[in-house]
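# got a predicted structure plus its sequence, pasted below:
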Amino acid sequence: MTYDQNNIFSRILRDEIPCNKVYENEYALAFHDIAPHAPVHILVIPKGAYESIIDFSAHASSDEVSGFWKAVSHVADQQGITKDGCRILSNVGANGGQEVPHFHVHLLGGVFLGPILFKKL
Ligand code: AMP
């Protein structure tokens, strides 16, 4: 699958669409999810063109990987969700329910989130 340059997160990175930014470093951008599922719901995205966590893990440079995960950690601390716990997840592809084909992690917290979100067989 080729990376879709017109996906919404790619457009946010090009400043064509605004976002509610909470943090940025050389390799990552973090902003509030537009439809939050928890009191804290932040998306962290890499600045490079990777469609999923699988693509990112396979093809990003060590600096990109490091810079991205440092940003995730920084934002979790910044949002005050480290101490009481949080959920960090990344949907992949059709079965994973991924809507935006640019790798992102969801940081969810600020409330007890219950069991992991998947349907029973
Ligand atoms: P996923 O289903 O993992 O691809 O999640 C995509 C997420 O992006 C959803 O939680 C949406 O609410 C969120 N989203 C879509 N468009 C925007 C936007 N313009 N700004 C912030 N979040 C967005």
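Here it is on my side, so go on.
# need the helices for the protein, in chain order.
Taking DSSP state H as the criterion, the chain carries its helices at 8-13, 53-59, 62-78, 93-96.
# quick check: residues of the protein near the ligand?
8, 17, 19, 31, 33-35, 43, 91, 97-100 (C-beta under 6 Å from any ligand atom). All C-beta atoms are positioned from the backbone trio N, CA, C, and that covers glycine.
# these into a markdown table, with extra columns for neighbour count?
Converted to a markdown table, the residues of the chain next to the ligand look like this (neighbours: other C-beta atoms under 10 Å):
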| residue | neighbour count |
| --- | --- |
| Ile8 | 16 |
| Ile17 | 11 |
| Cys19 | 19 |
| Phe31 | 20 |
| Asp33 | 17 |
| Ile34 | 10 |
| Ala35 | 6 |
| Leu43 | 21 |
| Asn91 | 17 |
| Gly97 | 9 |
| Gln98 | 17 |
| Glu99 | 9 |
| Val100 | 16 |
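# which of those residues fall in strands?
Among the residues of the chain next to the ligand, the members falling in strands (DSSP state E) are Phe31, Leu43.
# thinking again about what came up before, could I get the helices of the chain in JSON lines, plus columns for distance to Phe112 and mean pLDDT?
Output for the helices of the chain, formatted as JSON lines (distance: least, C-beta to C-beta, whole Å; pLDDT from 0 to 100):
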{"stretch": "helix 8-13", "distance to Phe112": "29", "mean pLDDT": "98"}
{"stretch": "helix 53-59", "distance to Phe112": "25", "mean pLDDT": "98"}
{"stretch": "helix 62-78", "distance to Phe112": "17", "mean pLDDT": "98"}
{"stretch": "helix 93-96", "distance to Phe112": "24", "mean pLDDT": "95"}
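# which of the ones you listed sits most buried?
Neighbour counts (mean count of other C-beta atoms under 10 Å) averaged over each of the helices of the chain peak at helix 8-13, with a mean of 18.
# list the contacts of it.
Residues outside helix 8-13 that contact it (C-beta atoms under 8 Å, 6 or more residues apart in numbering): 4, 17-19, 29, 31, 43, 45, 47, 49, 100, 102, 104.
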